[in-house]
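Novice: Sequence plus the predicted model coming up.
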Amino acid sequence: MKILHLDSNHSLLLKMLEEAGFSNEENYKSSKSEIEEIISNYDGIVIRSRFNIDKEFLDAAKNLKFIARVGAGLESIDTDYADKLGIKLIAAPEGNRNAVGEHALGMLLSLFNNLNKADREVKNGLWNREANRGIELDGKTVGIVGYGNMGKAFAKKLKGFDCEVFCFDIKENVGDENAKQVSLKELQQKTDVLSLHTPWTPLTDKMVNSEFINSFTKPFWLINTARGKSLVTADLVSALKSGKILGAGLDVLEFEKLSFETLFDSDNLPNSLKELFAMDNVILSPHIAGWTVESKEKLAKVIAEKIIQNFKN
Ligand SMILES: NC(=O)C1=CN([C@@H]2O[C@H](COP(=O)(O)OP(=O)(O)OC[C@H]3O[C@@H](n4cnc5c(N)ncnc54)[C@H](OP(=O)(O)O)[C@@H]3O)[C@@H](O)[C@H]2O)C=CC1
Ligand SMILES: O=C(O)C(=O)CO
C-alpha cells in the first residue's frame, strides 16, 4: 500500500509503517491542488491539519482507502462524503487526550490563581497580593459538555481536587465514576466551571452564545479546548463584561491559523478578539492543548498501530 504523508510527524510513524511493509512518501510542501493531481496514486493519506479534505479532494482521490488524522478531531474532513465513498477514517484521540486534560486543568488553575496577571505585574515591579487573591477548586462544581475522550480525560485530572463533576452529552449513559451525567439544564443550574469538549458539528456551531450563557444560574468560568467556532466570541465578551462569565481560558479561537495571523498583521482583528486580548481574566493559547512533546510520539504510535491493524496484508 502506498501512503502519502502530508504533514511531518514524530519519526516513529514512518518507522513503524516502513517496518510493517507500507510504502511511504512525504510531501509537506505542495499545494492542495497540486496534491489533488497526484492523489489517485495513493491508497492512504496521513494528515494533521495542513488543509481541509473536502469533496473536491475526495473526488480526485480515486484509490484512497483511508485517511488518517494525526489528532482527535475530524472537523477538517468531509466525513459524510468520505463514508459514502467507503474511505475509512482513522483518528488518534488516545494520543492527545491526556495532554488536553492537563491543558484544561492548567488553564483553570491559572485563571483561579490569576497567574498570568500576577506574573506580568511582578515583572513590572508590582506586588499586588490582595488584587491577585485566588480561589480554590475545592467545593466548586465543574460541568463538562461533551463527555468523550477529551471530556473524560479532563474529569480524570479533576480527581483529588474535591470538586463535584457533572457531564452533559447527547449520548446516553456516558457518565462514570469521575462525572455524573445530567441534563444540560441541570448542568447549567449547578456549574461554577464549564469546560467544552464537543466536536465542531452543525449542532455545536455557535453553541455557546448569549442564550446558552444566560441559561446558567450562577456566574461561571469557561474553558474551551474544543473548537473555536462552537463559541460566539462577541457573546463571550459581553458576558465577561457583565460578569456572567468570570473568566475564560481559550485554547481555540473562532479565527485561527492563517486567518488569525493575517488578521493580526493587518490590524484587522474583529473587535471582540481585541477586547479579549485586553482582559486580565482571559487566558489564550494557540491551539496547543493536545500538542505536547509526549502527545507527538503517542499520536504517531496510535496512528501507525491503527493503520497496521486495519491495512497490513
Ligand atoms: N485543542 C486541542 O488541541 C484538541 C481539541 N480537540 C477537540 O475535542 C473534540 C472532542 O474530541 P473527543 O473527546 O475525542 O471526541 P469524542 O467523540 O470522543 O467525544 C465528544 C462527545 O461529545 C458528544 N457531543 C456531540 N455534540 C454534542 C452536543 N451538542 N452536546 C453535548 N455533547 C455532544 C459526542 O457525542 P456523539 O459521539 O454522539 O457525537 C461525544 O460523546 C474534538 O472533536 C476536537 O474538536 C481534540 C483534541 C485536541
Ligand atoms: O487533535 C485535535 O483534534 C486537535 O485539535 C489537535 O490537532
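Specialist: It's in. Numbers count the residues shown, from 1 in each chain. Ligands and ions are numbered 1, 2, ... in the order given.
Novice: Residue in the chain with the shortest distance to ligand 1?
Specialist: Gly148 (1.8 Å; CB to the nearest ligand atom). From N, CA and C alone the C-beta is placed, and that goes for glycine too.
Novice: wait, that residue sits on Asp169?
Specialist: Yes - with contacts counted by CB atoms under 8 Å, Gly148 reaches Asp169, the gap being 7.4 Å.
Novice: quick one, which of those two is more surrounded?
Specialist: Set Gly148 next to Asp169 and count neighbours by other CB atoms under 10 Å: Asp169 wins out with 20 against 17.
Novice: Skipping adjacent residues, who's closest to the more buried one in space?
Specialist: Nearest residue to Asp169, sequence neighbours excluded (CB to CB, 6 or more residues apart in numbering): Tyr147, at 4.2 Å.
Novice: Can you get me a residue count around the one you found?
Specialist: Counted with other CB under 10 Å, Tyr147 comes out at 25.
Novice: likewise Leu4?
Specialist: Neighbour number of Leu4 under other CB under 10 Å is 22.
Novice: Let me see the confidence value for it.
Specialist: Note on Leu4: pLDDT of 98.
Novice: Dig out what it forms beta bridges with.
Specialist: Beta-bridge partners for Leu4, by DSSP bridges, are Glu25, Ile45.
Novice: That one reaches Ile39, doesn't it?
Specialist: Yes - the pair Leu4 / Ile39 is scored as a contact, 7.0 Å apart, by CB under 8 Å.
Novice: quick one: common contacting residues for those two?
Specialist: Common neighbours of Leu4 and Ile39 (criterion: CB atoms under 8 Å, 6 or more residues apart in numbering): Ile45.
Novice: check contacts around the closest residue to the residue of the chain closest to ligand 1 other than its chain neighbours.
Specialist: Using CB to CB, 6+ apart and skipping the chain neighbours, the partner closest in space to Gly148 is His197 (6.8 Å). Residues in contact with His197, defined by CB under 8 Å, 6+ apart, are Val100, Ile144, Val145, Gly146, Tyr147, Gly148, Met150, Gly151, Phe154, Thr225, Ala226.
Novice: Using the three-state scheme, assign the residue lying closest to the fourth one once chain neighbours are set aside.
Specialist: It refers to Gly146. Leaving aside its sequence neighbours, Gly146 sits nearest to Thr198 (CB to CB, 6+ apart; 3.4 Å). Three-state call for Thr198 (DSSP: H, G, I helix; E, B strand; the rest coil): coil.
Novice: do you know how far Thr198 is from Ala226?
Specialist: 5 Å (CB to CB, to the nearest Å).
Novice: Identify the contacts common to these two.
Specialist: Residues within reach of Thr198 and of Ala226 at once, by CB under 8 Å, 6+ apart, are Gly146, Thr204.
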